[in-house]
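*Asks:* Next one to model:
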Amino acid sequence: MIDWKRKLSSRKFWVALIGFVSSVLLALNFAESDVTQIAGIISSAGVLITYILVEGNIDSKRIDKEE
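*Replies:* Okay, the predicted model is just below:
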C-alpha cells in the first residue's frame, strides 16, 4: 500500500514531477515561458500540500499527547 501522505510531502516527489512534466511539455514544443509557469504552479502546489500535511501531522500528535 502506498503511503500517500508521506509521498505527497516528499520534496523528491515534487522535483521528479516537475522534471517529468517539464520534459514532456518541452518535447511537445510548448514555449519555455509556459513550461516555466507550469513548473512554478506545480512547485507552489507542492509547498501548499506539504504544509497542510505537516501541520495536520503536528496537530494530531499534539492531540495524542493531550489525551
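*Asks:* So which elements touch the lowest-mean-pLDDT helix or strand in the chain?
*Replies:* In the chain, the helix or strand scored least confidently by mean pLDDT, DSSP states H and E is helix 4-8, which has a mean of 86. If you count contacts as 3 or more C-beta pairs under 8 Å, 6 or more residues apart in numbering; DSSP states H and E, helix 4-8 packs onto helix 32-66. Just so you know, the C-beta spots here come from the backbone N, C-alpha and C atoms, and that holds for glycine as well.
*Asks:* buried sites along the helix it packs on?
*Replies:* Val35, Ala39, Ile42, Gly46, Thr50, Leu53 (16 or more other C-beta atoms under 10 Å).
*Asks:* Check stretch 8-19 too.
*Replies:* Using 16+ other C-beta under 10 Å as the test for burial, stretch 8-19 gives Ser9, Trp14, Ile18.
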